[in-house]
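> Need a 3D model of the following:
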Amino acid sequence: MKNFKVLLKYSLKPKFSGRKQVISYALLFLFPLLLIGFGGQLALNLIESEEVNDQIADVVYITPPGKVADALSTNFSNVEIIDETDQVITKMSNEDDVTELIIDLDNNQITSDFNIGMQDSYGLNAVINEVRMTDVINGLDVHTQMEITRANSEFEYTNKFAEDNDNNSVLGAVGFANTFIIYMIIIFGFQLLGSEIFEEKSSRAMEVIITNTKPHVHMLVKVCSTLIFLVSIILTILIGAILGIVILYMSNPDTVGVLVDQLLELLKTLDIAVNFQLLIFIIFTVLSGLLAVLLFQIIAAVAAAMTTSYEDYQKANGPIVILLLVPYMISMIGIEALAKILVYFPFFTPFFAPSLYLSEDISLVVFGACITLQAITVIVLYKVLAPVYREGLLNYSTSSFKQIIKRSYKNK
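Numbering: from 1, shown residues only. Model prediction:
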């Protein structure tokens, strides 16, 4: 235990101390802060300016006078209802700063002194057609109005076998986020762990360390230090993002406050039942992801130890990364036939178990059994590969993997 603490401190020190490390963490902190705090400010300014200039024209003329013209005029801020269009068209000029638009309801004609974009034309047509349709419907008898309203109403979709809450939606989001985070952690963990092992392997001090330390302790130190480093990166980005949101809120309390209120209203509409199923699913999902990370970290550590150059390590973990990408893509696409098989492979369990459980293809008991299998696999690989890891660290020749494995158990 003492060796573990000393080696862990020795392994973490270069990751957190030094000018390069401080600059890296500062950039990781500043990027989300500036992106949200100041980039969000620019985005809000653009949105507000668009809202201010949302009027399609400075002056809108509508002809002929009547109920439709009166109802349509409420959709524009500066509008005039006219009898004739000729006089207005004659006065129109594209050289002044005032934009003008004429809506002729009798002839279905729109005249302007500027080019109307496609989006504006669609919006304008929708507004006019809605006002016209409303006027036509209002002129009908009540029974006909009800029939038209019913014919245009949307259907509600109800699954009578579904639970009366939104737990499945929440659990699906948790499973998706967990899958993405686990995938990114595994990929970055491969690179970080390999780089660290090769830095130490290039120093002869490694020989002194490894000959005085049990191989499984040294491997555990490398895995833990890499995970701690990755967690510190994630926390740095999260802190920067939170402070960015705080800055954005302080500079735009009204706008951000409205967005927060809308988010809270959305959360209120969700009927989330905090029950045994929800808690166990979240625990199982996180635990399964953590065990998968440990499995891939053990493989990465052994692969880095057995190779003699960083280029060889890249060649060795290339197939592993591709192998990891395949189940990740299968889980994203949702091929259930393959998912039902791959879920029982300890390396791939977190990619498939959450979605299979939500689709009721496996139960919580089966999910727990898959996690138990993962835990057993972690312990077995950890014990079996530790001697290979030690022998690989002391290997500076071009010995084959087969020779290294033989020597690791011969010298054990």
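> Look up how far Tyr61 lies from the residue located most distally from the centre of the chain.
In terms of distance from the mean C-alpha position of the chain, Gln87 ranks first, at 57.0 Å (CA atoms, centre = their mean). Noted for Gln87: a distance of 10 Å to Tyr61, by CB to CB, to the nearest Å. (Glycine included, C-beta is placed from N, CA and C.)
> Tyr313 now?
Separation of Tyr313 from Tyr61 (CB to CB): 73 Å.
> any idea where the strands of the stretch 51-200 of the chain begin and end?
59-63, 79-81, 100-104, 109-112 (DSSP state E, counting those that start in this stretch).
> nearest to Leu124, of these?
strand 109-112 (7.0 Å; CB to CB).
> List of residues touching the closest one?
Ala57, Thr85, Ile89, Met92, Thr99, Glu100, Leu101, Ile102, Ile103, Asp104, Ile116, Leu124 (CB atoms under 8 Å, 6 or more residues apart in numbering).
> right, and the fourth one touches Asp113 too?
Yes - with the criterion set as CB atoms under 8 Å, Met92 and Asp113 qualify as a contacting pair; they are 4.6 Å apart.
> Could you name every residue contacting both of those two?
Glu100.
> out of everything not next to it in sequence, what's closest to Val88?
What sits nearest to Val88 in space, not counting adjacent residues and going by CB to CB, 6 or more residues apart in numbering, is Tyr61, at 5.4 Å.
> Look up which residues are beta-bridged to the one you found.
Glu80, Ile102 (DSSP bridges).
> So for it, what's the pLDDT?
Reading off the confidence values, Tyr61 has pLDDT 91.
> distance of it from Asp96?
Tyr61 is 15 Å from Asp96, by CB to CB.
> Low-confidence stretches in the stretch 51-200 of the chain?
For the stretch 51-200 of the chain, the stretches with pLDDT under 70 are 51-55, 93-95, 156-172, 174-175.
> Helices of the stretch 301-412 of the chain, start to end?
Taking DSSP state H, counting those that start in this stretch to define them, one finds helices in the stretch 301-412 of the chain at 310-333, 336-342, 349-358, 364-393, 401-410.
> wait, the stretch 101-250 of the chain
118-138, 142-152, 167-201, 205-211, 215-251.
> Redo the strands of the stretch 51-200 of the chain as JSON lines? Include mean neighbour count and distance to Leu278.
As requested, these are exported to JSON lines (neighbours: other CB atoms under 10 Å; distance: least, CB to CB, whole Å):
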{"stretch": "strand 59-63", "mean neighbour count": "21", "distance to Leu278": "53"}
{"stretch": "strand 79-81", "mean neighbour count": "16", "distance to Leu278": "53"}
{"stretch": "strand 100-104", "mean neighbour count": "21", "distance to Leu278": "54"}
{"stretch": "strand 109-112", "mean neighbour count": "14", "distance to Leu278": "55"}
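> Kindly present the ones you listed as CSV, with separate columns for distance to Asn152.
As requested, these are exported to CSV (distance: least, CB to CB, whole Å):
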stretch, distance to Asn152
strand 59-63, 26
strand 79-81, 28
strand 100-104, 24
strand 109-112, 26
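> Adding distance to Gln109 and mean neighbour count, write the helices of the stretch 101-250 of the chain out as a markdown table.
Converted to a markdown table, the helices of the stretch 101-250 of the chain look like this (distance: least, CB to CB, whole Å; neighbours: other CB atoms under 10 Å):
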| stretch | distance to Gln109 | mean neighbour count |
| --- | --- | --- |
| helix 118-138 | 11 | 13 |
| helix 142-152 | 27 | 10 |
| helix 167-201 | 48 | 18 |
| helix 205-211 | 84 | 14 |
| helix 215-251 | 46 | 18 |
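> Generate a markdown table for the ones you listed, with distance to Val79 as supplementary columns.
A markdown table is the format used below for the helices of the stretch 101-250 of the chain (distance: least, CB to CB, whole Å):
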| stretch | distance to Val79 |
| --- | --- |
| helix 118-138 | 12 |
| helix 142-152 | 28 |
| helix 167-201 | 44 |
| helix 205-211 | 81 |
| helix 215-251 | 35 |
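> Go ahead and confirm the residue nearest to Val88 touches Ile82.
Yes - with contact defined as CB under 8 Å, Tyr61 and Ile82 form a contacting pair (5.2 Å).
> what residues do the two have in common as contacts?
If you check Tyr61 and Ile82 against CB under 8 Å, 6+ apart, the residues they both contact are Val88.
> residue nearest the centroid of the protein?
Most central in the chain (CA atoms, centre = their mean) works out to Ala177, at 6.4 Å.
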